[in-house]
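# Sequence unavailable; structure follows:
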């Protein structure tokens, strides 16, 4: 029966209700348009079914990616595609090798040390973003937020379950270690996480201090030795050099839009 303008196709309404019951929101949202396309292009019914299912899968993948990004708590939107190799002291072939993420799959660590503004956090976030795109579970911290997470877990008697969550992650980033004073509680929290992740979860640690100087920023110093021992055992060590990229951009007028 031919439908007049303004009438609703009862079959389409029934299908929409089925997709709702089956929890296929992306298929439901695109069903009518895809059917119109299929009719116009004379698709085989099997091809239409394939495209409908592919639409649902793509929609779910996109939704999952958004959730992973929200959970990861990355500070910005830096990516490897936006990484400026011309101003970085890290060789391009090293960046490309890190971008394969094979080291994360081997539960290896990455420690990036160097002066402020030399691209340590940018590189860490870009690699974290790459990991999320690859379906990895990622979480971003600085020493303060990490200490707060552990302190809350201890206060609520959930420390074991909280540390177990770290083991289920693929990558944990601890950014700008030592940029703020690190007290005894912060040092303990850092050690607990490094020990928990050892040989199970990859860590990226960025710091203005080299590994040899960690005993100057951690309290007590005995924690520093044990922490560095575990952190460095399976770690790729990168030292950035040069002037601050941010300061250089500011002095050249690239830090703001022209007035």
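Received the coordinates, thanks. The model shown is predicted, which means the values in this text are computed figures rather than measured ones.

# backbone phi and psi for residue 172, please?
Here is the backbone geometry of residue 172 (degrees, to the nearest 10): phi -120, psi 130.

# same question, residue 175
The phi/psi pair for residue 175 (degrees, to the nearest 10) is phi -100, psi 150.

# can you count the residues close to it?
23 (other Cβ atoms under 10 Å). Yep, even glycine has a C-beta here, placed from its N, CA and C like the rest.

# for residue 204, same thing?
Neighbour number of residue 204 under other Cβ under 10 Å is 27.

# In terms of helix, strand or coil, where does it fall?
The local conformation at residue 204, judged by DSSP: H, G, I helix; E, B strand; the rest coil, is strand.

# Beta-bridge partners for it, please?
residue 110, residue 173 (DSSP bridges).

# May I see the buried residues of the helix or strand harbouring residue 145?
Using DSSP states H and E, residue 145 falls within helix 143-155. Within helix 143-155, the residues that count as buried by 16 or more other Cβ atoms under 10 Å are 143, 146, 147, 149, 150, 153.

# What of stretch 230-242?
Result for stretch 230-242 [16+ other Cβ under 10 Å]: buried residues 230, 231, 235, 238, 240.

# and which of the residues you listed is nearest to residue 122?
residue 240 (10.0 Å; Cβ to Cβ).

# nearest residue to that closest one other than its sequence neighbours?
Excluding its sequence neighbours, the residue lying closest to residue 240 (Cβ to Cβ, 6 or more residues apart in numbering) is residue 114, at 3.1 Å.

# isn't the one you found right next to residue 120, touching?
Yes. With contact defined as Cβ atoms under 8 Å, residue 114 reaches residue 120; the gap is 5.9 Å.

# Give me the common contacts of the two.
residue 240 (Cβ atoms under 8 Å, 6 or more residues apart in numbering).

# what about the strands in the stretch 51-200 of the chain?
For the stretch 51-200 of the chain, the strands defined by DSSP state E, counting those that start in this stretch occupy 109-113, 138-142, 171-177.

# and residue 188, what does it touch?
Residue 188 neighbours (Cβ under 8 Å, 6+ apart): 150, 223.

# Okay, it and residue 163: tell me how far apart.
According to Cβ to Cβ, to the nearest Å, residue 188 stands 12 Å off from residue 163.
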